[in-house]
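In: compute the structure for the input listed below.
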Amino acid sequence: MPTESFLTISLDLELFWGVRDVTTIRRYGGNILGVRQAIPAILALFRSHGIHATWATVGFVTFETRNQLLSYLPDELPGYLNSNLDPYPYLNSIGDCEKNDPYHYGYSLVREIQDTPGMEIGSHSFSHFYCLETRSNPRAFRADLDASVAALQRLDVNPSSLVFCRNQYDSSHLFDAAGCGFEVFRGNETGFLYSPRSVENETLMRRAGRLADAYLDFTGHNNSSVSLDQSGLINVPSSRFLRPCSLGQSLLEQLRLKRIITAMEAAAISGSGFHLWWHPHNFGTNLNNNILYLSKILVHFRYLQDRFGMQSLTMSEVANFTDTSLIPVTSQTCC
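Out: So this is what the prediction gives:
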């Protein structure tokens, strides 16, 4: 385990690729465009509080032009049974560069993150890959990860941290990731509400349960207990998804904040971790309120840092500071 308690923050940088199958640019485009204001604001807040963070980035996002993107496509494609999930035919409809199409390209954003001290660029797959959705090609995920690594290496990044899209994975995907050179992944919170599932196996009850759990303590603190997977990857599991602020819900927002900082304090006292995550597009609208909310969390972290020695660590830093001989070995199953 790391020698002291830690706060890990990971952000899933995916732009429109992460929501393409569930919404439209007309409905959600404001959030995506807002990422270009949200990321500088988040980075400024991180700098002011000495925060280290992992930015798990979809490979498609890292390019500046369509021609560059097309030159890195993997040889093996998923062949999803649900064709709506397949982003490759959709490539024909995107713009030719970031200047003309800020919904799909984020090269300048990735460079801004790289230029900020304490930031780690990790992988969120190449194509926003859905591991547990039915597909015809079992080799496609490994090929997708290879393409993700190649896309990041051209930016002088050798990614060691992986975040699975829609939090979908099982043991076979972890072995694939280890084979591609990854060292650490963001696992899910324990329990029925958070176990990895495909979209078709998701239920309204689980969604409602996760929403309620954001405000009231139904599943405990969910402190990030680091473990070593049988694949050889280190699991730094998530503790809490930072939901975007809702206007006109001040009492609920206070409950949500209390839920987060109480769990952070429990981690600091017990010498364990707290892993907070969200998407930059969650801050794409209502930015000022979301930044203010995040600042309250980070101010409390500074208090815990001063009082208990809590550290701010990226996912890879957690792995580097972990003595694997002292942590349990686990195996991942899909429920």
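In: secondary structure class for residue 122?
Out: Three-state assignment for residue 122 (DSSP: H, G, I helix; E, B strand; the rest coil): strand.
In: would you mind measuring from residue 216 to residue 210?
Out: Noted for residue 216: a distance of 12 Å to residue 210, by CB to CB, to the nearest Å. Glycine gets a C-beta too; all of them are placed from N, C-alpha and C.
In: er, residue 274 I mean
Out: From residue 274 to residue 210 the distance is 17 Å (CB to CB).
In: which stretches of the stretch 151-300 of the chain form helices?
Out: Ranges of helices in the stretch 151-300 of the chain, per DSSP state H, counting those that start in this stretch, are 171-179, 204-213, 250-270, 287-308.
In: which stretch in those has the least confidence?
Out: Mean pLDDT per stretch puts helix 204-213 lowest among the helices of the stretch 151-300 of the chain, at a mean of 86.
In: helix 250-270 and that one, what's the angle between them?
Out: 80 degrees (axes from the mean of the first three to the mean of the last three CA atoms, to 10 degrees).
In: identify the residues contacting helix 204-213?
Out: Helix 204-213 has contacts (CB atoms under 8 Å, 6 or more residues apart in numbering) with 192, 193, 194, 197, 218, 219, 241.
In: restricted to strands, list those residues.
Out: In this view, these that belong to strands under DSSP state E are residue 241.
In: buried set for stretch 176-196?
Out: For stretch 176-196, burial by neighbour count (16 or more other CB atoms under 10 Å) applies to 176-178, 180, 182-189, 193-196.
In: show me the two of the residues you listed that sit farthest apart.
Out: Within the buried residues of stretch 176-196, 180 and 193 form the most distant pair, 29.5 Å apart (CB to CB).
In: dump the residue contacts of residue 310.
Out: So residue 310 contacts 4, 5, 6, 7, 264, 267, 268, 301, 304 (CB under 8 Å, 6+ apart).
In: pLDDT wise, what is the third one at?
Out: Which is residue 6. 97.
In: surely it touches residue 313?
Out: Yes. Using CB atoms under 8 Å, residue 6 makes contact with residue 313 at a distance of 4.6 Å.
In: what pairs with the helix or strand of the chain with the lowest mean pLDDT, parallel or antiparallel?
Out: Least confident element among the helices and strands of the chain, by mean pLDDT, DSSP states H and E: strand 329-330 (a mean of 72). Here strand 329-330 is paired, per DSSP bridges, with strand 227-229 (parallel).
In: and the partner strand, average pLDDT?
Out: Here strand 227-229 scores 94 as its mean pLDDT.
In: okay, residue 274 and residue 210: which has more neighbours?
Out: Taking neighbours as other CB atoms under 10 Å, residue 274 and residue 210 compare with residue 274 leading, 28 against 16.
In: residues in contact with the biggest helix by length in the chain: which ones?
Out: The longest helix of the chain (DSSP state H) is helix 25-49. Residues from elsewhere that reach helix 25-49, judged by CB under 8 Å, 6+ apart: 9, 11, 15-16, 19, 51-53, 102-103, 106, 109, 112-113, 116-119, 280-285, 287, 290-291, 294-295, 298-299, 301-302, 312.
In: and the angle from that helix to helix 287-308?
Out: Relative orientation of helix 25-49 versus helix 287-308 (the same axes, to 10 degrees): 30 degrees.
In: name the residues of helix 25-49 that are buried.
Out: So, applying 16+ other CB under 10 Å, buried residues of helix 25-49: 28, 31-36, 38-39, 41-43, 45-46, 49.
In: now that helix: mean pLDDT?
Out: Mean pLDDT, computed over helix 25-49, is 98.
In: where does the stretch 1-150 of the chain dip in pLDDT?
Out: 1-3 (pLDDT under 70).
In: tell me where it has helices.
Out: Under DSSP H, counting those that start in this stretch, the stretch 1-150 of the chain gives helices at 25-49, 66-70, 107-114, 140-153.
In: who does the spatially closest residue to residue 277 that is not a sequence neighbour bridge with?
Out: Nearest non-adjacent residue to residue 277, counting by CB to CB, 6 or more residues apart in numbering: residue 10, 4.6 Å away. Legend: beta-bridge partners of residue 10 under DSSP bridges are residue 54, residue 277.
In: which ones are touching residue 10?
Out: Here residue 10 is in contact with 53-56, 122, 161, 163, 186, 238, 275-277, 315 (CB under 8 Å, 6+ apart).
In: again, only this time at 10 Å
Out: 53-56, 120, 122, 124, 161, 163, 186, 236, 238, 275-278, 314-315 (CB atoms under 10 Å, 6 or more residues apart in numbering).
In: distance of it from residue 72?
Out: Counting by CB to CB, the gap from residue 10 to residue 72 is 24 Å.
In: now swap in residue 300 and tell me
Out: With CB to CB as the criterion, residue 300 and residue 72 are 41 Å apart.
In: likewise residue 307?
Out: Residue 307 is 47 Å from residue 72, by CB to CB.
In: quick revisit: ranking the helices of the stretch 151-300 of the chain by burial, who's on top?
Out: Mean neighbours per residue, mean count of other CB atoms under 10 Å, is largest over the helices of the stretch 151-300 of the chain for helix 171-179, with a mean of 19.
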